[in-house]
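J.: generate a structure from the sequence data that follows.
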Amino acid sequence: MATSRYGVDARATSVGSKGALSRALTTSLLYVIVIHQPEQSSAMSSLVLSVRLSEEERALLEAASSQARTNVSDFVRRKALEAAEIDVLERRIVAIPAKDWERFEAWVAKPARKIAPLNELARRPPTWRK
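T.: All right, here's what the predicted structure looks like:
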């Protein structure tokens, strides 16, 4: 499956028992976020998405969109996109294309950068203990 415009990629890459990633995974969870910029087109196009609703569901959406001072179509589109972004960002497994694997392993093997403000924050006692 090809990469969608929002960065969802269904291709899988296996993790071998050797390498920097394997060492990193044995000690902590690893989150990898791969962001693909959507292609921008000069002309804004729109597609129709049809959804079946009960009368009660439609009434609820109309009430919510009225409270948000927008129409039902814009309200549903905005809420659906917010939910989709949350689902995509909460993915626990991220596939890395095989062509990028060596570059990823090199990134994992690099020593962590020291960030002075974070080091200072880590030395401060938690606010609830003051």
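J.: let's verify residue 92: helix, strand, or coil?
T.: Following DSSP: H, G, I helix; E, B strand; the rest coil, we place residue 92 in the coil state.
J.: where in this structure is pLDDT low?
T.: Residues of the chain meeting the criterion pLDDT under 70: 1-44, 130.
J.: quick one: the helices in it?
T.: Ranges of helices in the chain, per DSSP state H, are 20-27, 55-67, 72-89, 101-109, 116-123.
J.: just put the ones you listed in TSV and tack on distance to residue 49 and mean neighbour count.
T.: Heads up, the C-betas are built off the backbone N, CA and C, glycines and all. Output for the helices of the chain, formatted as TSV (distance: least, CB to CB, whole Å; neighbours: other CB atoms under 10 Å):
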stretch	distance to residue 49	mean neighbour count
helix 20-27	38	12
helix 55-67	14	12
helix 72-89	8	12
helix 101-109	35	13
helix 116-123	43	8
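J.: can I get these in a markdown table with distance to residue 48?
T.: Output for the helices of the chain, formatted as a markdown table (distance: least, CB to CB, whole Å):
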| stretch | distance to residue 48 |
| --- | --- |
| helix 20-27 | 43 |
| helix 55-67 | 17 |
| helix 72-89 | 10 |
| helix 101-109 | 39 |
| helix 116-123 | 47 |
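J.: render the CA-only coordinates of stretch 84-93 in PDB, please.
T.: Extracted as PDB, the C-alpha positions of stretch 84-93 are listed here (Å, rounded to 0.1, in the frame of the first residue of the first chain):
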ATOM      1  CA  ALA A  84      -8.600  11.000  12.500                       C
ATOM      2  CA  GLU A  85      -5.500  13.100  13.400                       C
ATOM      3  CA  ILE A  86      -5.700  11.800  17.000                       C
ATOM      4  CA  ASP A  87      -6.000   8.200  15.800                       C
ATOM      5  CA  VAL A  88      -3.000   8.600  13.400                       C
ATOM      6  CA  LEU A  89      -0.800  10.200  16.100                       C
ATOM      7  CA  GLU A  90      -1.700   7.500  18.700                       C
ATOM      8  CA  ARG A  91      -0.400   4.700  16.500                       C
ATOM      9  CA  ARG A  92       1.900   2.400  18.500                       C
ATOM     10  CA  ILE A  93       3.600   0.800  15.500                       C
END
